[in-house]
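Asks: quick one, structure for this:
(2 chains)
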Amino acid sequence: MNKRSPCAVAILLTGFNAFAADIAREIQHPGYGKGSFAEFGFALAVGSEPLVGFNGQTLEQSGDMSLSLSGSLEGRLEYKRVFVEFIDNSFSNASIGINAYSTDKTNHDIILTTLFGGVNRSDVVGFETIENRKGDINLGFRSSYYFGDGIAQFELVSDVSSAHDGVIASLQFGHQAQVRNWNLHALAGVRYFTDNVVDQLFGVSSSEATETLPEYQADSGFMPTLQLGATLPLNEKWIFRANAEYTRYPSSVVNSPLAQGDSGYLVSTGIYYVLHGS
Amino acid sequence: MRIMKSPTMVAVLTILGFSPVLAEDAVLTITPEKCVALRKGQVCYQKLRLRFNASDKGDYCLFAGGQSKPLKCFSDVDNGELIYQFASEQAMLFNLQNESATVASGQVTVAWVYQKTRKRYRWRLF
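Replies: Numbering: from 1, shown residues only, chains lettered A, B, ... in the order given. Take a look at the predicted model:
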């Protein structure tokens, strides 16, 4: 269910203030994942996301491991209290927001974010009857709490685009440590999806069902994730980054005829140019 | 003629960009000259090679960061080398001394990929 699309948006960097960013970014750079920045580079990734329509053109291919070499852009533009961010290796594809309240230990943002992109299964053999799912746009808030080298982040958003009209909540904990010049991080958490979120993506309506594709109505579900990562500075402008992420799908997803497995993973390594690191 | 003997003068000239020069009769070369950490404030780790060449044989000692205890001393030589495990949050000056006089000097700087420029505001939207 995780969406990771390399961003391909050029960002003009201005802005000076510093508020909370997505925790996938924050935990790599506590206190520094904010402000404005842009990083672009190339990443080699190996992963598995056994969900029909997310990988491959056949049912069998959807369960295959994938290998990709792709460009990647991660960035954040912040001006006064308003920000736009595209964070790689994050559940969010893109977010815009405004900082509502900030202290040395907390950040509270109101955000508008895309979590699920559109899914087109019309090209997948045997699933041509499944209608396209539109991507969502969610409105909600994100609160971050800092303790030492750790961060906790809670997010609660609701779809305002009529894609699924559901609610998604997330609680994530991250910790980072320096070992010589390596910066290591671990990020663990769980996401909750109301039934209409899961059903929009993995349900099969009566009009979509066929003799080989049974009707399915999905329930709500919890999805735990674990991410481990390492970042090494190569010089003042280039960094090496490696990430490994494991996701356990909710049973309501696993039981869907549109799923071919119970979990997904992604291992990626890449080098990135830091355009602006403040 | 020796250009300088004062460690303070060596430091000033080094900062002004004259590193690693020091005296006509000795040169201290440090490689690499820069250590890069990910974020400002972090300790930067780097294996350094300190090499010196002097015109005359003698007893030389290498000092780091104004410490009174030498990193290593060399007897009756005109060149020497030391592998040093650098670990510091800030730049460090290395001196080569001969009979308590600094005859050569070099500096290792610390740089960062991410430099912190945070500002904190408290402001209520509602």
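
Asks: wouldn't B:Cys44 be in contact with B:Gln85 here?
Replies: No. In this structure, B:Cys44 is not within contact of B:Gln85 by Cβ atoms under 8 Å, at 11.4 Å. Yep, even glycine has a C-beta here, placed from its N, CA and C like the rest.

Asks: so which of the two has more stuff around it?
Replies: Under the neighbour definition other Cβ atoms under 10 Å in any protein chain shown, B:Cys44 and B:Gln85 were set side by side, and B:Cys44 has more, 24 against 9.

Asks: can you list the weak-confidence ranges in the stretch 101-250 of chain A?
Replies: Applying pLDDT under 70 to the stretch 101-250 of chain A flags no residue at all.

Asks: which bits of it sit near chain B?
Replies: Contact residues (Cβ under 8 Å from any Cβ of the partner chain) of the stretch 101-250 of chain A with chain B: A:101-104, A:110, A:178, A:180-181, A:183, A:231-237, A:239.

Asks: where do the strands sit along chain A?
Replies: Secondary structure of chain A (DSSP state E): strands located at A:37-48, A:66-79, A:82-86, A:94-102, A:106-114, A:138-147, A:150-159, A:167-179, A:182-193, A:221-233, A:238-248, A:263-277.

Asks: direction included, what does the longest one pair against?
Replies: Just to be clear, that refers to strand A:263-277. In the sheet, strand A:263-277 lines up against strand A:37-48 (antiparallel), strand A:238-248 (antiparallel) (DSSP bridges).

Asks: just put those in a markdown table and tack on mean neighbour count.
Replies: What follows is these, written out as a markdown table (neighbours: other Cβ atoms under 10 Å in any protein chain shown):
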| stretch | mean neighbour count |
| --- | --- |
| strand A:37-48 | 19 |
| strand A:238-248 | 19 |
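
Asks: mind putting the ones you listed in TSV, distance to B:Tyr114 included?
Replies: Below are the strands paired with strand A:263-277 laid out as TSV (distance: least, Cβ to Cβ, whole Å):
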stretch	distance to B:Tyr114
strand A:37-48	8
strand A:238-248	9
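
Asks: looking at those, spot the one closest to A:Asp262.
Replies: strand A:238-248 (6.8 Å; Cβ to Cβ).

Asks: now do the spatially closest residue to A:Ala177 that is not a sequence neighbour: how many residues are near it, please.
Replies: Leaving out its chain neighbours, the residue that sits closest to A:Ala177 by Cβ to Cβ, 6 or more residues apart in numbering or on different chains is A:Leu184, at 5.2 Å. For A:Leu184, the neighbour count with other Cβ under 10 Å is 16.

Asks: most tightly surrounded among the strands of chain A?
Replies: Highest mean neighbour count among the strands of chain A (mean count of other Cβ atoms under 10 Å in any protein chain shown): strand A:82-86, with a mean of 21.

Asks: in terms of secondary structure, what does that one contact?
Replies: In terms of contacts (3 or more Cβ pairs under 8 Å, 6 or more residues apart in numbering or on different chains; DSSP states H and E), strand A:82-86 is packed against strand A:66-79, strand A:94-102.

Asks: rank those strands by pLDDT, which is bottom?
Replies: Among these, strand A:66-79 has the lowest mean pLDDT, at a mean of 85.

Asks: and the angle for it with strand A:82-86?
Replies: 170 degrees (axes from the mean of the first three to the mean of the last three Cα atoms, to 10 degrees).

Asks: strand partners (parallel or antiparallel) of strand A:66-79?
Replies: Here, using DSSP bridges, strand A:66-79 pairs with strand A:37-48 (antiparallel), strand A:82-86 (antiparallel).

Asks: can you list those in a markdown table and add distance to A:Leu171?
Replies: Putting the strands paired with strand A:66-79 into a markdown table (distance: least, Cβ to Cβ, whole Å) gives the following:
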| stretch | distance to A:Leu171 |
| --- | --- |
| strand A:37-48 | 24 |
| strand A:82-86 | 20 |
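
Asks: beta partners of the residue nearest to A:Arg180 when sequence neighbours are not counted?
Replies: Distance criterion Cβ to Cβ, 6+ apart; nearest residue to A:Arg180, sequence neighbours excluded, is B:Tyr45 at 4.3 Å. Beta-bridge partners recorded for B:Tyr45 (DSSP bridges): B:Ala87.

Asks: same thing with A:Asn183?
Replies: On the basis of DSSP bridges, A:Asn183 is bridged to A:Gln178, A:Thr231.

Asks: so it sits against A:Thr231, correct?
Replies: Yes. Counting by Cβ under 8 Å, A:Asn183 does reach A:Thr231; the two are 4.6 Å apart.

Asks: can you tell me how far A:Ile130 is from B:Thr31?
Replies: According to Cβ to Cβ, to the nearest Å, A:Ile130 stands 61 Å off from B:Thr31.

Asks: pLDDT value on the spatially closest residue to B:Gly65 that is not a sequence neighbour, please?
Replies: Distance criterion Cβ to Cβ, 6+ apart; nearest residue to B:Gly65, sequence neighbours excluded, is B:Met92 at 4.7 Å. Note for B:Met92: predicted pLDDT of 96.

Asks: what's the burial count for B:Met92?
Replies: B:Met92: 22 surrounding residues under other Cβ under 10 Å.

Asks: quick one: contacts for it?
Replies: By Cβ atoms under 8 Å, 6 or more residues apart in numbering or on different chains, the contact list for B:Met92 reads B:64-65, B:86, B:107-108.
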